[in-house]
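Colleague: Sequence first, then the predicted structure, then my questions.
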There are 2 protein chains.
Amino acid sequence: MKKTLSIKDIALAAGVSITTVSFILNGKAKEKAISDIVTKKVEKIIKELGYKPNQLARSLRTGNSNIIGLIVEDISNPFFATIAKMIEYKAYKKGYKIIYSSTENEVEKTKDLINMFKSRKVDAYIISPIKGIEEDIQALLNDHKTVVLFDRDLDGLKVDYVGVDHFKASAEATAHLVANGRKNIALVTIDLAIKQITDRLDGYQKTLERSKLFNEKLILKIPFNQSEEESTIQIRKLFTEHKVDAVLFATNYLAIGGLMVLKEMNKKVDQDFEVIAYDDHIVFKLFTPQISAVEQPLEEIAEKIIDLVLSRLSTKEKRPAQQVVFPAKLILRN
Amino acid sequence: MKKTLSIKDIALAAGVSITTVSFILNGKAKEKAISDIVTKKVEKIIKELGYKPNQLARSLRTGNSNIIGLIVEDISNPFFATIAKMIEYKAYKKGYKIIYSSTENEVEKTKDLINMFKSRKVDAYIISPIKGIEEDIQALLNDHKTVVLFDRDLDGLKVDYVGVDHFKASAEATAHLVANGRKNIALVTIDLAIKQITDRLDGYQKTLERSKLFNEKLILKIPFNQSEEESTIQIRKLFTEHKVDAVLFATNYLAIGGLMVLKEMNKKVDQDFEVIAYDDHIVFKLFTPQISAVEQPLEEIAEKIIDLVLSRLSTKEKRPAQQVVFPAKLILRN
DNA sequence: ATAAGAGTCTAAATCGTTTTAGTGATTATT
DNA sequence: AATAATCACTAAAACGATTTAGACTCTTAT
């Protein structure tokens, strides 16, 4: 029935050419010497008919979209959700929309998403990448697309990156436990070859080795995508089979799982047993006692990401890739 | 330098027409009587050159996109994040991509997002709506677009809706507190004219009136978008100025704020003071003692939403709008 | 020998924009 | 009076696909 309005309808109604309408739409009336009278008339008709340009056609023609694609591991993780929200807020104010999607740490899905964004001509890509998509990122760069990675770095790519010094943060957290006299400090981490994760392991290990406290048995690597029950069993085993007096969790969801186990086991977090979680979470503030955590500066990260993106988008000039690394903060809560 | 590959390049390389390539791409080779030899050859070239059709051009021509737009209040709220993730997962398996965006409960932004999705020709809209966008939704419906609302209903629209019976859930939770002998049952809710929220108030109020326990003073309506500190002060005031022996929180973030206050005040949740939160959250399981909660059936909601969307998309035939209302579940944890 | 039918493939229109390269009229310059 | 410059606007190509309506070549039937 009602075909959607096109620029042609406006041109027809106003008795001018399509070109004229297009110039007016794009604020080029002055520049292109369209008279005020015509401009006013066309604008009036546009408003009256409620015409909205078809962005698809526009993007097809111009090759850009005012849309920034954000690809994260899992949008239901507060870390990503918070960053996504902040980025969205700032981008929106600059006239950019954000569309986001989750990879679930699957290489295939990630490639798919990049392709989808590519074929939708997003203006920029913000990605928390995983191993295995290096060539895809490189392809984007070769295409002169704007790409900013965050949370995890990928080796061998000259690309903007915003992250946190996980090695240092993890070393600090571990050092704190050592300073508190802990002798059997466990690490519960995830079995993923992501730099961000391995850095945390390295920070932990190096620190303990220096204090001659390192014990490989106290490291629990939980397979990614393992069922929650399975993980629970493993964590419980760690706590029962070894006498552990402190534990560092490498991610907040691992820590939450760990706290669940402790609660079930009725094992208290107290003078004799200390816990530090990586990535703060509201749960840690409400737990009794409150749980210490390594906090990433979310606001700064989000801000830097969007700054990098916008600066690249606003100038044609090339600048070398920037690697921005923030320190994390150890929040002690006991 | 390297222009992106187009169907024309493939046609050229294969020595056939654009039409032929298009037919093959769309799996119509058989139907359109393209010989096996040509089909094979073209497919080989497509693979070799790594050609990917431009979805913009495709959408422009066909009017659809295989993309479903999901508009939620706040993607960093676990309720929405979880539903988003489930919907995404199921849609992905059917070949649909999801793009989501948050409204922050702002009418203008919501309209903006709907327009953006519209002009990107998304195939369907899944929206947790707010008051003030009724006409926009109606416009989509008039355009014969597929729309499914969830979480909140909008009066006067004939549109698919998936939600939960909040009145009943809230009444049940309140009734439980009454049955436990509570005499001064407070409600902490949000000052928003969203049916989903007012239903919770009504369920609470009706139940208490029936038991002659209703006391208007025990209702705290927190203004939406009020700072957290301000809310904290108000909640603390509620607890100190009135002798309250139970409290029902109308949202999980209110409950979390409330638990913070209780923790600071060193007020225990115990025989003399009972708490029920609305919308379950991991925090409630880890709090000591565990906090009871009204749980919405997320998986069922997500499943129903995507079922409705896909069923509408797969047939041209009209069917009347469906309103699906699930019961919530009261999870008692003490 | 010719028309009809089947089998393969394609030219060109179309979707709704942007943008380049003009056109024709009026005014200014010499 | 002829030429140049300015003004106000526009025709048509292009972006990259899909799809309709045919074109061309062989067989087969009459």
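Modeller: Thanks, I have the structure now.

Colleague: make it CA atoms for all contacts and neighbour counts henceforth
Modeller: OK.

Colleague: which residues does A:Leu286 contact?
Modeller: With contact set as Cα atoms under 8 Å, 6 or more residues apart in numbering or on different chains, A:Leu286 has these partners: B:259-260, B:263, B:283, B:287.

Colleague: Check those residues and tell me the two furthest apart.
Modeller: Taking Cα to Cα as the measure, these span a maximum distance of 13.2 Å, between B:Lys263 and B:Val283.

Colleague: related to what we said a few turns ago, list only buried entries from the contacts of A:Leu286.
Modeller: B:259-260, B:263, B:283, B:287 (16 or more other Cα atoms under 10 Å in any protein chain shown).

Colleague: Closest one of those residues to DNA strand D?
Modeller: B:Val283 (48.3 Å; Cα to the nearest atom of the strand).

Colleague: Distance of that closest one relative to B:Ser6?
Modeller: Distance of B:Val283 to B:Ser6, computed by Cα to Cα, to the nearest Å: 52 Å.

Colleague: check which helix or strand covers A:Leu70.
Modeller: Under the assignment given by DSSP states H and E, the secondary-structure element containing A:Leu70 is strand A:67-72.

Colleague: Alpha carbons only: can I get that strand in PDB?
Modeller: As requested, C-alpha coordinates have been extracted for strand A:67-72 and formatted as PDB (Å, rounded to 0.1, in the frame of the first residue of the first chain):
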ATOM      1  CA  ILE A  67      27.500   3.200  13.300                       C
ATOM      2  CA  ILE A  68      30.200   1.800  15.400                       C
ATOM      3  CA  GLY A  69      30.300  -2.000  15.800                       C
ATOM      4  CA  LEU A  70      31.200  -3.300  19.300                       C
ATOM      5  CA  ILE A  71      32.200  -6.900  19.600                       C
ATOM      6  CA  VAL A  72      32.600  -8.300  23.100                       C
END
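
Colleague: Counting by contacts, list what the next helix or strand after that strand packs against.
Modeller: Scanning the chain past strand A:67-72 towards its C-terminal end, the next helix or strand to appear is helix A:78-93 (assignment: DSSP H and E). With contacts defined as 3 or more Cα pairs under 8 Å, 6 or more residues apart in numbering or on different chains; DSSP states H and E, helix A:78-93 has these neighbours: strand A:97-102, helix A:298-314.

Colleague: near chain A, from the contacts of A:Leu286?
Modeller: Near chain A, taking Cα under 8 Å from any Cα of the partner chain as the test, the members of those found are B:259-260, B:263, B:283, B:287.

Colleague: ok, now which ones touch the closest residue to DNA strand C within the stretch 51-200 of chain A?
Modeller: Ranking the residues of the stretch 51-200 of chain A by distance to DNA strand C (Cα to the nearest atom of the strand) places A:Pro53 first, at 3.4 Å. Contacts here follow Cα under 8 Å, 6+ apart; on that basis A:Pro53 touches A:6-7, B:119.

Colleague: Highest neighbour count among those?
Modeller: Each of these was scored by neighbour count (other Cα atoms under 10 Å in any protein chain shown); the top score is that of A:Ile7, with 21 neighbours.

Colleague: My read is that that residue contacts A:Val21, right?
Modeller: Yes: using Cα atoms under 8 Å, A:Ile7 makes contact with A:Val21 at a distance of 7.0 Å.

Colleague: Report the contact partners of the closest residue to A:Asn215 other than its chain neighbours.
Modeller: Counting by Cα to Cα, 6 or more residues apart in numbering or on different chains, A:Asn184 is the residue found nearest to A:Asn215 once chain neighbours are left out, at 7.9 Å. Contact analysis of A:Asn184 by Cα under 8 Å, 6+ apart lists A:213, A:215, A:218, A:243-246.

Colleague: With A:Ser170 instead?
Modeller: Taking Cα under 8 Å, 6+ apart as the definition of contact, the neighbours of A:Ser170 are A:199-201, A:203-204.

Colleague: Can you classify it by secondary structure?
Modeller: helix (DSSP: H, G, I helix; E, B strand; the rest coil).

Colleague: got a pLDDT number for it?
Modeller: As summarised for this prediction, A:Ser170 has a pLDDT of 97.

Colleague: Likewise for A:Phe224?
Modeller: In the prediction, the pLDDT value recorded for A:Phe224 is 84.

Colleague: again with A:Lys97
Modeller: Residue-level confidence at A:Lys97 comes out at 82, pLDDT.

Colleague: Not counting its neighbours along the chain, what's nearest it?
Modeller: Leaving aside its chain neighbours, A:Lys97 sits nearest to A:Ile67 (4.8 Å; criterion: Cα to Cα, 6+ apart).

Colleague: Kindly tell me how buried the one you found is, as a neighbour count.
Modeller: By the measure other Cα under 10 Å, the count of residues near A:Ile67 is 21.

Colleague: what sits against it?
Modeller: A:96-99, A:122-124.

Colleague: same thing but at 7 Å, please
Modeller: A:96-98, A:122-123 (Cα atoms under 7 Å, 6 or more residues apart in numbering or on different chains).

Colleague: Buried among those residues? Need that as a selection in PyMOL.
Modeller: Selection command for PyMOL covering only the buried members of these, criterion 16+ other Cα under 10 Å:
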select buried, chain A and resi 96+97+98+122+123
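
Colleague: Tell me the one of the contacts of A:Ile67 nearest chain B?
Modeller: Of all those, the one sitting nearest chain B is A:Ile98; the distance, using Cα to the nearest Cα, is 7.1 Å.

Colleague: and chain A, which of its residues are near DNA strand D?
Modeller: Counting by Cα under 7 Å from any atom of the strand, the positions of chain A adjacent to DNA strand D are A:15-20, A:32-38, A:57, A:60-61.

Colleague: quick one: what helix or strand has the residue of the stretch 201-334 of chain A found nearest chain B in it?
Modeller: Residue nearest to chain B within the stretch 201-334 of chain A: A:Val283 (5.1 Å; Cα to the nearest Cα). Assigned by DSSP H and E, A:Val283 falls within helix A:282-286.

Colleague: tell me the mean pLDDT for the helix or strand following that helix?
Modeller: Along the chain past helix A:282-286, the next helix or strand (assigned with DSSP H and E) turns out to be strand A:292-295. Along strand A:292-295, the predicted confidence averages to a pLDDT of 96.

Colleague: buried set for strand A:292-295?
Modeller: In terms of neighbour count (16+ other Cα under 10 Å), strand A:292-295 has its buried residues at A:292-295.

Colleague: Now tell me what touches that strand from outside.
Modeller: Outside strand A:292-295, the residues that touch it by Cα under 7 Å, 6+ apart are A:275-280, A:328-333.

Colleague: coming back round to it: let me know the closest of the buried ones among the contacts of A:Leu286 to DNA strand C.
Modeller: Distance to DNA strand C, by Cα to the nearest atom of the strand, is smallest for B:Val283 among the buried ones among the contacts of A:Leu286, at 48.4 Å.

Colleague: Spatially nearest residue to the closest one (excluding sequence neighbours)?
Modeller: Computed as Cα to Cα, 6+ apart, the closest residue to B:Val283 that is not its neighbour in sequence is A:Val283, at 5.1 Å.
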